[in-house]
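Participant: Model the structure of this input:
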Amino acid sequence: SLTVRARGAAIALAFDADTEISGRHSHVTADLLLPPGTAPFTGDLSISKLDLRALAANAPRYAVLKNVPLSASAAIRFTMKRGGVLDAADFDVTAEGDIPVKALKGDTLHVKQLRLTGHYDGAGRRLTFQTANLTTREGQMRGRGGAELFYAGGALDRVRTRLAFDRIAVDAPGLFAQPVGYQSAVMEGEYQVAARRFEVSRFSLTAAGFALTGSGALTLNDDGAPGLSVHAQIAALPVRTLLRYWPLVVAPGAREWIDNNIFAGTVGPLIANCDFAPGVLDRDILPEDSVNMTFAMQGVEGSYIKGLTHATGVDGNALLTGDTFRADFSGGRIGPIQASSGTALIPALRKVGTVGTFGVHVDGAMPGIMRLIDMAPLNYAKRFGIDPSQTGGTASADLSFSVPMLANLPVDDVGIAVKAQVDDFAVTLGRIHVHNGAVAFDIDNDHLHQTGTIGLADSRMTVDWTEDFKTQDNITTRLTMTGNLT
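Facilitator: Model (predicted):
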C-alpha cells in the first residue's frame, strides 16, 4: 500500500508491501517526510527477510552471494539531500542462515545472528560500526570498527576499513581439533571494488600464549576458492600451544606429524609466506611453492621411531613448504647420548605412508648406544646375544632412519643405517672377552660389517666380521681374524 498525506507544509509518504526479487519474497516498509523547497528529506526504511541469493540472480556484482542462503533484515533512519545524495543514516542490520565454508565439517557456517549497527556520515563518507557481532553454531565474536568510502567517476571505487573483535570463541570440528578462544583480532585494510580484492595492511590475532601478526590480500572468485596471499609471524610459543591454534586445514600433513611425534619444546618465531591463486585452495595437494614457513626450535622432545628413546633438548631450524617438511638440528640428546647435528625430511606430506628420512650424529658411551639400538622394534643386541651392559668404549656414530609415516610399523619396513667408529671397544660374549678395540661398524637392514683391531687375551687381532641378515644360505656369519695368539 502507498499513502500520501500532508503534514503541515511537508508531504508524508508511507509504503508497505510484500516484494518479490528473482522469485524470492521479502517485506518492505518506508516512511518519508518531504519538506518544501530544497531542504533534505528524512525517512525510515525497514526490510525484512530478504534472501541475499535474490541479489545475485541478475546482478553480476553480487555473484558471490549466489550460493549463500542468508536472510537479512534492516532498519534504517536516514537523511537525504535533494538529488539523491545520502547525508546521514543510522542502521541496524541483522542476518541469519548458512554460509558455505568448505573448511568446516558439513561445509557450512550456521549463522544464528549477524548484527551490524552504526552510523553513516555522508559529508565525510564514513561508516562507524558500533556493533559488528556474529553468533553461529560454530562460535561467536563481538566487534566494532569503521570504514571510509572513496568514489571515482561517481561510482564507489574502494572502501578502507578497520575492524576490531574480542570475546572470540570457535567450536568448529573440521577447522580446529578442539574449541579455541581468542582475546582479540584486529584487521585494517582496503577493499577494491572493481578488482573484488581486499588488501589487508595489518592483521593481529591474540590468545593466551599466542600472538600472530600479518598482512595479505584476498581476491574473490566466482568459480571456487578465493585467491589468497599472506605474510604472517607468530611469536615463539610452546609447540603444544601452537597445535591448539593451528587449523586442521592448513598444511594438514605437517600438523598431523607434529601432533603425533613432537611432545614438548618451544617453536618460533614462525614466519610464513603463502600465495594461493584463485581456486588453488580447493585442491587436495597444494603447490610446493605456495607455502613457505620457517621456524626455530628450542628444547624439543620428539619421536623418530616409535618405541625408541625420545630425542630431547633438540635445537634447530625447520622449513615447511606446500607438501614438504625439512629440519636441521644443531644439538640434543637421546637418553645419555649426545647428538651434535641432524636432519629430517618428510616429502609428500598429504600421502598416507610417506617416507620420512632422519639422520643424526651422536657421541656417547657404547653401552648407551647399544641400549638404544636394542630397543623394540630394532632389537639389534638381542640378535647377537649381546648384553649392552657388558659392552664398553666410546662411539662416534651417524644414524639414519627411513620411516614410513604409519602406525604399528613393522621393523622390516624401517630403513636403518648405522656407521660408527668405536674406541676402546669391549664386549663380553660368553667366555670371550674382547677389549681395547678400535673398530668401525657399518650396519643396515641387510647386514652388519665390523672391521678393525681388538684385544683378545694378551693378543692384538685384526677382525673383519660380516653378518648377513637376509641371506637364504645356512651360513650367515663370516669372521676373519689375523694375528698372533699368545
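Participant: what are the ranges of the helices in the stretch 1-150 of the chain?
Facilitator: Listed in chain order, the helices of the stretch 1-150 of the chain (DSSP state H, counting those that start in this stretch) span 53-56.
Participant: all strands of it, in order?
Facilitator: 2-7, 10-21, 24-34, 41-51, 70-81, 85-100, 108-121, 126-136, 139-152 (DSSP state E, counting those that start in this stretch).
Participant: could the ones you listed go into a markdown table alongside mean pLDDT and mean neighbour count?
Facilitator: The C-beta positions use only the backbone N, C-alpha and C, and glycine is treated the same way. Output for the strands of the stretch 1-150 of the chain, formatted as a markdown table (pLDDT from 0 to 100; neighbours: other CB atoms under 10 Å):
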| stretch | mean pLDDT | mean neighbour count |
| --- | --- | --- |
| strand 2-7 | 91 | 10 |
| strand 10-21 | 93 | 13 |
| strand 24-34 | 95 | 15 |
| strand 41-51 | 95 | 17 |
| strand 70-81 | 96 | 17 |
| strand 85-100 | 95 | 16 |
| strand 108-121 | 96 | 17 |
| strand 126-136 | 97 | 17 |
| strand 139-152 | 96 | 16 |
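Participant: For Ile416, which of the ones you listed is the nearest?
Facilitator: Proximity to Ile416 (CB to CB) singles out strand 139-152 among those, at 46.4 Å.
Participant: Quick check: next helix or strand after that closest one?
Facilitator: strand 155-170 (DSSP states H and E).
Participant: Neighbouring strands - and their directions - for that following strand?
Facilitator: Applying DSSP bridges to the sheet, strand 155-170 is found paired with strand 139-152 (antiparallel), strand 180-192 (antiparallel).
Participant: coming back round to it: out of the strands of the stretch 1-150 of the chain, which gets nearest to Ser303?
Facilitator: strand 139-152 (33.0 Å).
Participant: what is the orientation angle of that closest one with strand 108-121?
Facilitator: 50 degrees (axes from the mean of the first three to the mean of the last three CA atoms, to 10 degrees).
Participant: Not counting its own residues, what contacts strand 139-152?
Facilitator: For strand 139-152, contacts defined as CB atoms under 8 Å, 6 or more residues apart in numbering pick out 118, 124-134, 156-172, 185.
Participant: Tell me which stretches of the stretch 301-450 of the chain form strands.
Facilitator: 311-321, 325-334, 337-346, 355-365, 391-404, 415-429, 432-444, 447-456.
Participant: For Leu114, give its distance to Lys105.
Facilitator: 21 Å (CB to CB, to the nearest Å).
Participant: do the same with Ser396
Facilitator: Counting by CB to CB - Ser396 and Lys105 are separated by 51 Å.
Participant: which ones are touching Leu50?
Facilitator: Counted by CB under 8 Å, 6+ apart, Leu50 has contacts Ile21, Arg24, Ser26, Ser71, Ala72, Ser73, Ala74.
Participant: again, only using 10 Å
Facilitator: 19, 21, 24-28, 70-74, 95 (CB atoms under 10 Å, 6 or more residues apart in numbering).
Participant: Equivalent analysis for Gly353, please.
Facilitator: Applying CB under 10 Å, 6+ apart, the residues contacting Gly353 are Pro404, Met405, Leu406, Leu409, Asp413.
Participant: For these, pick the one with the most neighbours.
Facilitator: The residue in the contacts of Gly353 with the most neighbours, by other CB atoms under 10 Å, is Met405 (19 neighbours).
Participant: what about that residue, distance to Val300?
Facilitator: Where Val300 is concerned, Met405 sits at a distance of 18 Å (CB to CB).
Participant: which non-adjacent residue is nearest Asn273?
Facilitator: For Asn273, ignoring the flanking residues on the chain, the nearest one in space by CB to CB, 6 or more residues apart in numbering is Asn292 at 4.8 Å.
Participant: Using the three-state scheme, assign that neighbour.
Facilitator: On the three-state scheme (DSSP: H, G, I helix; E, B strand; the rest coil), Asn292 is labelled strand.
Participant: How many residues are close by it?
Facilitator: Asn292 - counted by other CB under 10 Å - has 15 other residues nearby.
Participant: If it is in a bridge, with which residues?
Facilitator: Counting by DSSP bridges, Asn292 is bridged to Asn273, Thr321.
Participant: what's it in contact with, if anything?
Facilitator: Ile271, Ala272, Asn273, Cys274, Asp275, Leu319, Leu320, Thr321, Gly322.
Participant: who wins for proximity to Pro347 among the strands of the stretch 1-150 of the chain?
Facilitator: strand 85-100 (32.6 Å).
Participant: Determine the angle, from 0 to 180 degrees, between that closest one and strand 108-121.
Facilitator: Going by the same axes, to 10 degrees, strand 85-100 makes 170 degrees with strand 108-121.
Participant: measure Gly353 to Gly415 for me?
Facilitator: 13 Å.
Participant: overlap in contacts of these two?
Facilitator: Joint contacts of Gly353 and Gly415 (CB under 10 Å, 6+ apart) are Pro404.
Participant: Which one of the contacts of Gly353 is nearest to Arg82?
Facilitator: Met405 (70.7 Å).
Participant: what's near enough to touch the closest one?
Facilitator: Counted by CB under 10 Å, 6+ apart, Met405 has contacts 253, 256-257, 260-261, 346, 348-349, 351-356.
Participant: Can I have the buried ones of those residues as a ChimeraX selection?
Facilitator: The following ChimeraX line selects those of the contacts of Met405 that are buried, judged by 16 or more other CB atoms under 10 Å:
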select :253,257,261,346,349,354,355,356
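Participant: I'd like the contacts of Met405 as TSV, with distance to Met375 and pLDDT appended.
Facilitator: TSV is the format used below for the contacts of Met405 (distance: CB to CB, whole Å; pLDDT from 0 to 100):
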residue	distance to Met375	pLDDT
Gly253	27	73
Glu256	24	84
Trp257	21	81
Asn260	19	88
Asn261	16	88
Ile346	22	89
Ala348	28	86
Leu349	27	80
Lys351	28	81
Val352	26	79
Gly353	23	82
Thr354	24	86
Val355	21	89
Gly356	19	88
